[in-house]
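Asks: When you get a sec, could you give me coordinates for this:
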Amino acid sequence: MIEDDDTFAKRTGTKVYEKPVYHQDSCETATIDRMAMFQYMIGNTDWYVNTRHNINIFQRKVGGALIAVPYDFDFSGVINTDYASTSKEIPITKVTDRYYKGSCRDNQTMDETIKLFNEKRADIIQLYEDFSLVPEYVTKKGVKYYSKFYKIINDSEQVQTSLSACNRPAYSVRRQ
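Replies: Here you go, the predicted structure:
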């Protein structure tokens with residue numbers, strides 16, 4: 001299920017943003033960082049802000065900040081559909097591999113994002129465990145996948161190597 005754009009905009013005090021967005025850093029820093037970390041957590045690389053691939057852009061009515069809202073998660077590692085594939089633009093070989101597509105941030109900003117995910121860990125796992133419409137083995141597999149994410153974000157060395165956009169070569173975006 002996906003929430004209709006107009007319903008989302010009304011609920012969040014935003015409006016659909018129709019103008020071009022050339023880079024994800026055009027979006028509000030805290031929200032784009034949370035979105036990128038969420039995508040990393042679920043193992044999803046099938047998104048681009050500038051082409052709006054699996055992303056909708058909204059603008060806050062107060063303040064005017066842009067917010068990227070993701071959708072379409074069937075290519076994510078936690079879902080791991082049999083038809084999912086990786087992009088040739090990103091150096092991973094399996095959709096269950098994680099690749100951080102967020103922007104380069106200083107340690108304090110990255111730490112704030114990580115802190116939020118750590119604070120929400122129990123809630124995230126509980127949501128997964130309480131969802132009764134999937135078999136138990138799927139829940140266990142998902143929780144195990146998320147545990148690996150939490151191991152990464154709580155290891156400063158892995159944060160530097162896995163989550164630092166500053167230490168990796170830039171990836172190009174395939175135009176669609």
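
Asks: Remind me which helix or strand the residue nearest the centre of the chain belongs to.
Replies: By C-alpha atoms, centre = their mean, the mean C-alpha position of the chain lies nearest to Q39, the distance being 2.0 Å. If you go by DSSP states H and E, Q39 is part of helix 29-42.

Asks: Taking their axis directions, the very next helix or strand once past that helix and helix 29-42 sit at what angle?
Replies: Once the chain leaves helix 29-42, the next helix or strand it forms, by DSSP H and E, is strand 55-60. Strand 55-60 and helix 29-42 meet at an angle of 150 degrees, taking axes from the mean of the first three to the mean of the last three C-alpha atoms, to 10 degrees as the criterion.

Asks: which other residues reach the least confident helix or strand in the chain by mean pLDDT?
Replies: Ranked by mean pLDDT, DSSP states H and E, the weakest helix or strand in the chain is helix 156-162, scoring a mean of 86. Under the criterion C-beta atoms under 8 Å, 6 or more residues apart in numbering, residues R98, Y100, M110, I114, K151, I152, I153, N167 lie in contact with helix 156-162. Backbone N, C-alpha and C define where each C-beta goes, glycine included.

Asks: CA atoms of it as PDB?
Replies: In PDB, the C-alpha atoms belonging to helix 156-162 read as follows (Å, rounded to 0.1, in the frame of the first residue of the first chain):
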ATOM      1  CA  SER A 156      32.700   3.100  14.300                       C
ATOM      2  CA  GLU A 157      35.100   1.300  11.900                       C
ATOM      3  CA  GLN A 158      32.300  -0.100   9.900                       C
ATOM      4  CA  VAL A 159      30.500   3.300   9.900                       C
ATOM      5  CA  GLN A 160      33.600   4.800   8.400                       C
ATOM      6  CA  THR A 161      34.000   2.100   5.700                       C
ATOM      7  CA  SER A 162      30.400   1.300   4.900                       C
END
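
Asks: Tell me the buried residues in it?
Replies: For helix 156-162, the neighbour count (16 or more other C-beta atoms under 10 Å) marks V159, S162 as buried.

Asks: Okay, buried residues for the helix or strand harbouring D111 please.
Replies: If you go by DSSP H and E, D111 is part of helix 107-119. Residues M110, T113, I114, F117 are the ones in helix 107-119 that count as buried (16+ other C-beta under 10 Å).

Asks: Just send these back as CSV, with pLDDT too.
Replies: Below are those laid out as CSV (pLDDT from 0 to 100):
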residue, pLDDT
M110, 90
T113, 95
I114, 95
F117, 97
